[in-house]
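Undergrad: Below are the sequence and a predicted model; questions follow.
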Amino acid sequence: MINLFEVSETNHMIESENLDVRTITLGISLIDCISDSLDRLCDNIQNKIVKLGHDLVCVGDKIEAEFGFPVVNKRVSITPASIIGASACRKPSDYVRIAKTLDKAATEIGVNFIGGYSALVSKDMTAGEEMFIRSIPEALASTERVCASVVAGSSKTGINMDIVRMMGDVIRETAELTKDQDSIGCAKLVVLCNAPDDNPFMAGAFLGVTEGDSVINVGVSGPGVVRHALTKAHGKDFRELCDVIKKTAFKITRIGQLAAARASAELNIPFGIVDLSLAPTPAVGDSIADILQEMGLESAGAPGTTAALAMLNDQVKKGGVMAASNVGGLSGAFIPVSEDHSMIQAAEAGNITIEKLEAMTCVCSVGLDMIAVPGDLPSTSIAGIIADEMAIGMVNGKTTAVRIIPVIGKKVGDFAHFGGLLGDAPVMPVNRCDCSEFVDRGGRIPAPIHSFRN
Amino acid sequence: MKRAVITVVGKDSVGIIASICTYLADRGINILDISQTIVDGYFNMMMVIDATSIDDQFASVSKDIKKLGRQLGMDIHCQKEEIFESMHRI
């Protein structure tokens, strides 16, 4: 039988070290909602999301009450809206109506975000997908809970540079339309390379076309638990350090597996995957940068940061993989700047730069995340930053992403305030050398030679 | 049998166990095991109960027990045993 020590350890993780289930994300396929009538399509979308998702929030709350750990977010991901709307939408504003329908459905069932206002255009786009991408700024400015993503590259297809260039403009336009709230629209827009079909985390969550009708995917978290465990490994060598991270990741992931199995049974919806990510929040003690410091770095960004993050990412996977029956999503350590208390401090002090963050994205789970940049940064530079990140993902066969916020009206040293889980971000300096001739070329950067593995 | 774990943490005082046991007895809930330690004057107790009969209304019993804790000035939680089994047993 369970003993007092084990019970205390678990409860200490929950109460003092911010252990939680970060998100229970209900994936809903909207393929069967497709219609050539926009009215009918919107009705179908609304009905299906409400039918499948109306119990999601109360099941999350029930799990929280039964086991005593917080289930922070309850969310929905859908089949990419560009596919669902292809038959019905004739102009960008038609897609915006879909976004508003998604927002209304999300509000009705009480989820804080709905992801999947997305386009999968890593190789090329249809005329409908181009219209969809043009609709993103208006869609994000006129909704509260909708998250958008565009997949602009993969290791198999190469990088669609037309999309990358276009996204420079789309991000700037989104920033302009939401400038009253520090360009918050861009915090809900991500450009991805090698996007997984089953990611439960926003803003890049969508339900891929390879998935079933509905699925429960769960993202666990607990950077504070890992940091606390590492306090016991001071002065120990890397073998012991790795061991501590693996054991802790195992325990954290077991909670995710339990929540996923329970939610799946309660909602009668199949269990998909547990995403083994360590995701920070702006709360003190819930930070990835703190873990790096606990390992022996003065601040995130110090020499050694990339090595420390690489080790952390790998050990989290090794520890978590045995704890869950199916692992997927992004699985690793997230490094969003605005959502990580100590990362914000490191950026403010100038200890971490965009270039260092870019290096870190070679080994972390995703990419350049929640980074505020000056509002006058040209769209070509934004496209250049995206291209760099897509190249890292494409060549290394990993997921990478860019969620960058040009904060209109703000310059380096100012602060952008997004609030809630999105946090606050210092506006970071960007290399101002021009890259327009490069990003304006158009066409595709081909997939690397090692992608031809068939 | 469905089991749950009640944990009590706080400053030691008279009648803590009595209050909790009375609450459980009033609802016909059987106690299977109790263990406790006192560290630096802080009371730390774990109680394993048979939660089969309260499975439908577990969330409200858990809330009641938390409330009882506040009255006693203690931190009391009631959680289904699976969370601990999942984390500590392979």
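TA: Received the coordinates, thanks.

Undergrad: Give the full set of residues in contact with the residue nearest to A:Lys123 when sequence neighbours are not counted.
TA: For A:Lys123, ignoring the flanking residues on the chain, the nearest one in space by Cβ to Cβ, 6 or more residues apart in numbering or on different chains is A:Thr157 at 4.1 Å. In this view, the C-beta of every residue, glycine as well, is placed from N, C-alpha and C. Applying Cβ atoms under 8 Å, 6 or more residues apart in numbering or on different chains to A:Thr157 gives the contacts A:Ser122, A:Lys123, A:Arg444, A:Ala447.

Undergrad: can you tell me how far A:Thr157 sits from chain B?
TA: Note on A:Thr157: its distance to chain B, by Cβ to the nearest Cβ, to the nearest Å, is 40 Å.

Undergrad: Now that residue: phi and psi?
TA: phi -100, psi -20 (degrees, to the nearest 10).

Undergrad: Quick check: pLDDT value at the closest residue to A:Pro448 other than its chain neighbours.
TA: Spatial nearest neighbour of A:Pro448, excluding adjacent residues (Cβ to Cβ, 6+ apart): A:Val395 at 5.3 Å. Listed pLDDT for A:Val395 reads 96.

Undergrad: Just say helix, strand or coil for A:Val395.
TA: Here A:Val395 is recorded as helix under DSSP: H, G, I helix; E, B strand; the rest coil.

Undergrad: How many residues are close by it?
TA: 16 (other Cβ atoms under 10 Å in any protein chain shown).

Undergrad: hang on, it packs against A:Pro446?
TA: No - the criterion here is Cβ atoms under 8 Å, and A:Val395 misses it with A:Pro446 at 11.5 Å.

Undergrad: Flag every residue of chain B that's near chain A.
TA: B:5, B:7, B:33, B:35-37, B:44, B:46, B:48, B:58-59, B:62-63, B:77-89 (Cβ under 8 Å from any Cβ of the partner chain).

Undergrad: Now do the strands in chain A.
TA: With DSSP state E as the criterion, chain A has strands at A:20-28, A:71-78, A:114-120, A:146-154, A:158-160, A:189-193, A:214-221, A:271-275, A:368-374, A:400-407, A:415-417, A:424-426, A:444-445.

Undergrad: what about the helices in chain B?
TA: Counting by DSSP state H, chain B has helices at residues B:16-26, B:58-72, B:82-88.

Undergrad: Could you single out the most deeply buried of these?
TA: Among these, ranked by average contacts under mean count of other Cβ atoms under 10 Å in any protein chain shown, first place goes to helix B:82-88 (a mean of 21).

Undergrad: That one - what's its average pLDDT?
TA: pLDDT averaged over helix B:82-88 gives 94.

Undergrad: could you say what helices and strands it packs with?
TA: helix A:4-16, helix A:238-267 (3 or more Cβ pairs under 8 Å, 6 or more residues apart in numbering or on different chains; DSSP states H and E).

Undergrad: Serialize these to TSV and add fields for mean neighbour count, mean pLDDT and distance to chain B.
TA: Compiled in TSV, the helices and strands packed on helix B:82-88 are given as follows (neighbours: other Cβ atoms under 10 Å in any protein chain shown; pLDDT from 0 to 100; distance: least, Cβ to the nearest Cβ, whole Å):
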stretch	mean neighbour count	mean pLDDT	distance to chain B
helix A:4-16	18	90	4
helix A:238-267	21	95	4
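
Undergrad: and of the ones you listed, who's closest to A:Asn194?
TA: Closest to A:Asn194 of these, according to Cβ to Cβ: helix A:238-267, at 22.6 Å.

Undergrad: one step back: and the gap between the residue nearest to A:Pro448 and A:Asp388?
TA: 11 Å (Cβ to Cβ, to the nearest Å).

Undergrad: again with A:Ser93
TA: A:Ser93 is 33 Å from A:Asp388, by Cβ to Cβ.

Undergrad: likewise A:Gly208?
TA: A:Gly208 is 25 Å from A:Asp388, by Cβ to Cβ.

Undergrad: before we move on, back to that, which one of the strands of chain A lies nearest to A:Ser299?
TA: A:Ser299 sits nearest to strand A:424-426 of all the strands of chain A, at 13.9 Å, using Cβ to Cβ.

Undergrad: one step back: kindly reformat the strands of chain A as a markdown table containing mean neighbour count and mean pLDDT.
TA: Listed next are the strands of chain A as a markdown table, based on neighbours: other Cβ atoms under 10 Å in any protein chain shown; pLDDT from 0 to 100:
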| stretch | mean neighbour count | mean pLDDT |
| --- | --- | --- |
| strand A:20-28 | 28 | 95 |
| strand A:71-78 | 25 | 95 |
| strand A:114-120 | 28 | 97 |
| strand A:146-154 | 29 | 98 |
| strand A:158-160 | 24 | 98 |
| strand A:189-193 | 30 | 98 |
| strand A:214-221 | 27 | 93 |
| strand A:271-275 | 27 | 94 |
| strand A:368-374 | 26 | 96 |
| strand A:400-407 | 28 | 97 |
| strand A:415-417 | 19 | 95 |
| strand A:424-426 | 23 | 94 |
| strand A:444-445 | 17 | 96 |
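
Undergrad: coming back round to it: who's more crowded, A:Ser93 and A:Asp388?
TA: Set A:Ser93 next to A:Asp388 and count neighbours by other Cβ under 10 Å: A:Asp388 wins out with 19 against 14.

Undergrad: ok, the more buried one touching A:Glu358?
TA: Yes - taking contacts as Cβ under 8 Å, A:Asp388 lies within contact range of A:Glu358: 6.4 Å.

Undergrad: What parts of the stretch 251-400 of chain A come near chain B?
TA: When proximity is defined as Cβ under 8 Å from any Cβ, the stretch 251-400 of chain A approaches chain B at A:Lys251, A:Arg254, A:Ile255, A:Gln257, A:Leu258.

Undergrad: Setting the sequence-adjacent residues aside, check what's closest to B:Gly28.
TA: B:Ser53 (6.4 Å).

Undergrad: I meant A:Pro429, not that one.
TA: A:Val412 (4.8 Å).

Undergrad: show me the contacts for the one you found.
TA: For A:Val412, the contact set (Cβ under 8 Å, 6+ apart) comprises A:Pro374, A:Val427, A:Met428, A:Pro429.

Undergrad: beta partners for the first one?
TA: Pointing back at A:Pro374 there. Note on A:Pro374: beta-bridge partners A:Val407, judged by DSSP bridges.

Undergrad: how near is it to A:Met167?
TA: Per Cβ to Cβ, A:Pro374 is found 18 Å from A:Met167.

Undergrad: picking that back up, ok, now how distant is the residue nearest to A:Pro448 from chain B?
TA: For A:Val395, the distance to chain B equals 38 Å [Cβ to the nearest Cβ].

Undergrad: Next, the contact list for A:Glu108, please.
TA: Here A:Glu108 is in contact with A:Gln46, A:Val50, A:His54 (Cβ under 8 Å, 6+ apart).

Undergrad: can you do 7 Å?
TA: A:Val50 (Cβ atoms under 7 Å, 6 or more residues apart in numbering or on different chains).
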